[in-house]
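A.B. asks: build me a model from this:
(2 chains)
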Amino acid sequence: MTQMQGRAWSRRGVLAVAGAGAVALTIPATGRATPQEADDFARKLLGGAAAKAGKVQLIVKDVAESGANEPVRVVVDSPMTAADHVKAIHVVADGNPFPGVSSWFLTPKSGKADVAFRMRLAKTQVVRAYAVMSDGSVWLASQEVKVTIGGCGG
Amino acid sequence: MSTPSIKTRIPAKAKKGEVIEIKAQITHDMETGQRKDAGGMPLARRIIKKFVCTWNGEVVISADWHTAMSANPLVTFTALAEKSGPIKLTFHDDNGEIYEAVAEVAVE
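C.D. replies: Have a look, this model is predicted:
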């Protein structure tokens, strides 16, 4: 885990972190979002519009190499003209402490609807990508990503 | 954390109507506010919360980032080449600071 590099770890420090991890395991409800919270968050982002499956390609590995730094790419099928373009791409995670990952606001000047970045995954969970089109329709793709090493510290 | 530095990969030239790829990375801890230091004290949240890319002053793409964005965020996206001018990338830190990178692109 990159977050551990460059840090002098005292024995006490390691124990303190281990203790914090134990707390997170015993009270999961306070430390992790649930799919329900992710739904609520998505509803707020989308203003209640219903998402249909399709048009969105979510490119992410089935098994994350590192929960701290997992490449994610979202490609949406759209001509990206003034009349017909993708207005927004929202990436939401079901099992992180906070469901929002990032929201991208595109314009016809974007040329294509194709964004890539790296995200943190606290545990094995479903990642969703929503695309909001200029006609108001909302499209969704989702995928489960298995995580062996969590990426949110603590 | 040292002052963030920005690396970009932006083509110097493009044909009119071409869609170019832009890559950018900023050195930033993206501290989530969830971690504790060795003494058990919480580390204060400090992330880049907003990113904007403009070309000739017009917005190409913008984004709201949350704590699940990785440390040293690396992003890739595209822009439609219309006319020559500066591409400006702006990163807005939680602490109010703004970091910028500018690249001139010639469109033929």
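A.B. asks: in chain A, where is pLDDT below threshold?
C.D. replies: Where chain A drops to pLDDT under 70, the residues are A:1-31, A:150-154.
A.B. asks: so where do the strands sit in the chain?
C.D. replies: No chain in the question, so chain A it is. A:51-53, A:56-59, A:70-76, A:86-93, A:100-106, A:113-119, A:125-133, A:138-145 (DSSP state E).
A.B. asks: not quite, go with chain B.
C.D. replies: B:6-9, B:13-14, B:19-26, B:48-55, B:58-65, B:74-80, B:85-93, B:98-107.
A.B. asks: now the ones you listed in TSV, with mean pLDDT and mean neighbour count?
C.D. replies: The C-beta positions use only the backbone N, C-alpha and C, and glycine is treated the same way. TSV is the format used below for these (pLDDT from 0 to 100; neighbours: other CB atoms under 10 Å in any protein chain shown):
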stretch	mean pLDDT	mean neighbour count
strand B:6-9	97	13
strand B:13-14	97	16
strand B:19-26	98	18
strand B:48-55	98	20
strand B:58-65	98	19
strand B:74-80	98	21
strand B:85-93	98	17
strand B:98-107	97	14
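A.B. asks: mind checking how far the nearest residue to A:Lys87 once chain neighbours are set aside is from A:His85?
C.D. replies: In this structure, A:Lys87 finds its nearest non-sequential neighbour in A:Val132, 4.9 Å apart by CB to CB, 6 or more residues apart in numbering or on different chains. Look at A:Val132 and A:His85: by CB to CB, to the nearest Å, they are 10 Å apart.
A.B. asks: circling back to that earlier point, turn the strands of chain A into a markdown table, including mean neighbour count.
C.D. replies: Output for these, formatted as a markdown table (neighbours: other CB atoms under 10 Å in any protein chain shown):
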| stretch | mean neighbour count |
| --- | --- |
| strand A:51-53 | 13 |
| strand A:56-59 | 18 |
| strand A:70-76 | 21 |
| strand A:86-93 | 24 |
| strand A:100-106 | 23 |
| strand A:113-119 | 23 |
| strand A:125-133 | 23 |
| strand A:138-145 | 18 |
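A.B. asks: among the ones you listed, which comes closest to B:Glu97?
C.D. replies: strand A:100-106 (19.6 Å; CB to CB).
A.B. asks: any chance of the strands of chain B in CSV, with distance to chain A too?
C.D. replies: Output for the strands of chain B, formatted as CSV (distance: least, CB to the nearest CB, whole Å):
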stretch, distance to chain A
strand B:6-9, 13
strand B:13-14, 10
strand B:19-26, 4
strand B:48-55, 7
strand B:58-65, 5
strand B:74-80, 4
strand B:85-93, 11
strand B:98-107, 13
